[in-house]
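**Student:** What would the 3D arrangement of this be:
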Amino acid sequence: MTSHRRAALPAAATLATACLLTPLMTPALAVQAAADEEVTFGTSEEAAPTVGPGRYTFPMPGAGTDFYLTVERTVPRSTLWVAETLVSSTNHNGYGYFDPSGADSKNRCGEESDTFEGDDYVGHRFMTGITGIGRGPCLKEDAVTFEYRAYESSDGSYPAGEKAQLAVWEEPPVEDASLLPPPSTTTTWDGAVQPAKGDAELGTSYADAPELTQGRWSVHVDPGVPALFAVPLDWGQHLELQLKYTGAEWKEYVPVEPVLLTPLGGEADWARTEGDGPTFPDANLKYPSMDGGVVSPTITWRNREKPTANPAAFAGTYYVLLRMGTKDAPAKGADVTVGVNVVTDRAADAPYAEDAPALPDISGKTSAGEGKEYSGDGGGGTEEASGPESEPTPWGAVTALFGGSAVMAAAGAFSLGRYRRGL
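**Tutor:** Residues are numbered from 1 along each chain as shown. Here you go, the predicted model:
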């Protein structure tokens, strides 16, 4: 049966904000950045720093002013991936947008700017987003400039000045996308019971996120605090995740929602579940008898294609965030059992026309220029990082989870409408 969302917090409300892009005071030549090299966005297009593949830190730009960053393309018709993540010590609110355009032509890469809003239902300290520029008007540009503007809410909680992480990766083109496996939008539920492996302490950032695969663990989640674990996924694999709240029934509706994050950061979409899987994606403190579960799409290059446009479209170490907001949640948090099953649907086969460079390691566990590669045996290809002229797919350049209230006043009714009103 198809899985349904149970009081899953609304996308507009749970994906909260600010394109964590920032200016970079790095050399004009785009080279692999040293790990955690700090950059700062420019206050004009002319002052925009130019960066290349790598992992950077940057101070979150202030609200109310335009900021600029340029990302250089060194391989013709490659896809430029730009992802941002902020882990803060406090909850935030606010919203912002960024608008990519060709650095030389000044033509916009897409038809509309992307907006990111705070959340008055889920107070949270983790925010992230990702954008891919691999088709459309900017495909032939040697560089893409991102214009970024942030707006703080009336409570003044926008995280200006806090240090965030920026990851940039240049993905080589493929030769013919039509020869590659089709987009994965529905995944069959396997349901295999995984062996119990005891307790696991989840990470509050990528750096301390444990790798969990093929097992069942008891974990703890605190309200508003990031709870992350890593799951490597190669081409042709998908993740099946089972969730069960193991505590006593809580008086209020408080979901523990799994969020899929790409190897660069930024939120990806879960696939639809086919078969006799869980009815709901999350575990809920009010309904301890109702297990939750989700499946990722099978990792294939064409997942990025419209209409689904899912950035779970390249192999690497994915992350899962277990997200519990502060609203109505018990201060002591909740104990949850997670079952992690990595399923191989087809043999790994990288689609690129040439060897792909290693992904920047957003955990910081490897040096710049290093990192695990997921290359399969090569083959396949496309004209979409080499494809038809259509707008880029900016996947929530920043899906940030903020605590606060002012920005979401208009979205409140929508949010409540998506709450489950009983079983």
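**Student:** per-domain residue ranges of the chain.
**Tutor:** 11-173+383-412, 186-349 (automatic domain parsing).
**Student:** where does the residue nearest to residue 300 when sequence neighbours are not counted land in three-state SS?
**Tutor:** What sits nearest to residue 300 in space, not counting adjacent residues and going by Cβ to Cβ, 6 or more residues apart in numbering, is residue 181, at 4.4 Å. Where you see a C-beta, it was placed from the backbone N, CA and C, and this is true even at glycine. Residue 181 falls in the coil class when you classify it by DSSP: H, G, I helix; E, B strand; the rest coil.
**Student:** how deep is residue 181 tucked in, by neighbour count?
**Tutor:** A total of 18 residues lie near residue 181 under the criterion other Cβ atoms under 10 Å.
**Student:** Over to residue 279?
**Tutor:** By other Cβ under 10 Å, the residues close to residue 279 number 16.
**Student:** That one reaches residue 290, doesn't it?
**Tutor:** Yes - using Cβ atoms under 8 Å, residue 279 is in contact with residue 290, at 7.4 Å.
**Student:** Point out where the chain drops to low pLDDT.
**Tutor:** In the predicted model, the chain carries pLDDT under 70 at residues 1-36, 92-96, 111-122, 152-157, 367-423.
**Student:** circling back to that earlier point, select, out of the domains of the chain, the one closest to residue 355.
**Tutor:** domain 11-173+383-412 (7.6 Å; Cβ to Cβ).
**Student:** all helices for the stretch 101-250 of the chain, in order.
**Tutor:** For the stretch 101-250 of the chain, no helices are identified by DSSP state H, counting those that start in this stretch.
**Student:** how near is the residue nearest to residue 300 to residue 347?
**Tutor:** Separation of residue 181 from residue 347 (Cβ to Cβ, to the nearest Å) stands at 11 Å.
**Student:** With residue 292 instead?
**Tutor:** To residue 347, residue 292 is 31 Å away according to Cβ to Cβ.
**Student:** more neighbours, the two?
**Tutor:** In this view residue 292 and residue 347 are compared by other Cβ under 10 Å, and residue 292 has more residues nearby, 27 against 10.
**Student:** Show me the beta-bridge partners of the more buried one.
**Tutor:** Note on residue 292: beta-bridge partners by DSSP bridges are residue 243, residue 280.
**Student:** Same check on residue 187?
**Tutor:** Beta-bridge partners for residue 187, by DSSP bridges, are residue 273.
**Student:** List the residues that contact it.
**Tutor:** 238, 240, 271, 272, 273, 274, 295, 296, 297, 298 (Cβ atoms under 8 Å, 6 or more residues apart in numbering).
**Student:** Also residue 68?
**Tutor:** Residue 68 neighbours (Cβ under 8 Å, 6+ apart): 23, 41, 42, 43, 44, 45, 47, 48, 145, 146, 147, 148.
**Student:** overlap in contacts of residue 181 and residue 347?
**Tutor:** Listed as contacting both residue 181 and residue 347 by Cβ under 8 Å, 6+ apart are residue 236.
**Student:** Make a ChimeraX selection of the buried ones in the contacts of residue 187.
**Tutor:** Of the contacts of residue 187, the buried ones go into a single ChimeraX selection, burial set by 16 or more other Cβ atoms under 10 Å:
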select :238,240,271,272,273,295,296,297,298
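**Student:** Pick the one among the contacts of residue 187 closest to residue 108.
**Tutor:** Using Cβ to Cβ, the contacts of residue 187 come closest to residue 108 at residue 297, 28.6 Å.
**Student:** these two touch, right, the closest one and residue 269?
**Tutor:** Yes - judged on Cβ under 8 Å, residue 297 makes contact with residue 269 at a distance of 7.4 Å.
**Student:** The biggest strand by length in the chain - contacts with which helices or strands?
**Tutor:** Longest strand in the chain, counting residues (DSSP state E): strand 334-344. Secondary-structure packing of strand 334-344 (3 or more Cβ pairs under 8 Å, 6 or more residues apart in numbering; DSSP states H and E): strand 215-221, strand 228-233, strand 237-245.
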